[in-house]
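J.: Need coordinates for the following:
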Amino acid sequence: MLSGQEGELVSVSVDVDPRYLETLLEVLAQVTFPINPQIYHGAVTTVEFPAYETRLDEVRRALANRGLGGAKVHCVSMLAKVVGAH
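T.: Purely as a prediction, here's the structure:
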């Protein structure tokens, strides 16, 4: 299992309208842990990054504080993601 003192390592995906991508990236730059996002463009823009599960509330609060509380945040176990890729 991929876990540590901060809980399980998860893959976090945040979906936003493409016009809010810059705001989303600014929000993620302000959280207290490093994020190296991968960005996927489609009908919605998805920003994906790994984080420990205990950090998810911080991400959600940061989004809400900048008016992005309606952004869809999805999480999946990093282990499940790795196993599912094979």
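J.: Look through this protein and tell me its longest strand.
T.: strand 7-16 (DSSP state E).
J.: ok, which stretches of this structure are strands?
T.: 3-4, 7-16, 38-41, 45-52, 72-77.
J.: Among the ones you listed, which comes closest to Arg61?
T.: strand 72-77 (11.3 Å; C-beta to C-beta). All C-beta atoms are positioned from the backbone trio N, CA, C, and that covers glycine.
J.: Could you name the helices and strands sitting against that closest one?
T.: strand 7-16, helix 56-65 (3 or more C-beta pairs under 8 Å, 6 or more residues apart in numbering; DSSP states H and E).
J.: who does it pair up with?
T.: Paired strands of strand 72-77, with direction, are strand 7-16 (antiparallel) (DSSP bridges).
J.: got the angle between the strand it pairs with and strand 45-52?
T.: 170 degrees (axes from the mean of the first three to the mean of the last three C-alpha atoms, to 10 degrees).
J.: What residues of strand 7-16 count as buried?
T.: Across strand 7-16, burial judged by 16 or more other C-beta atoms under 10 Å covers Glu8, Leu9, Val10, Ser11, Val12, Ser13, Val14, Asp15, Val16.
J.: quick one: the residue nearest in space to the middle of the chain from Gln38, how far?
T.: By C-alpha atoms, centre = their mean, the chain has its centre lying nearest to Val12, at 3.6 Å. According to C-beta to C-beta, to the nearest Å, Val12 stands 11 Å off from Gln38.
J.: so what's in contact with the two at the same time?
T.: Counting by C-beta atoms under 8 Å, 6 or more residues apart in numbering, the common neighbours of Val12 and Gln38 are Glu48, Phe49.
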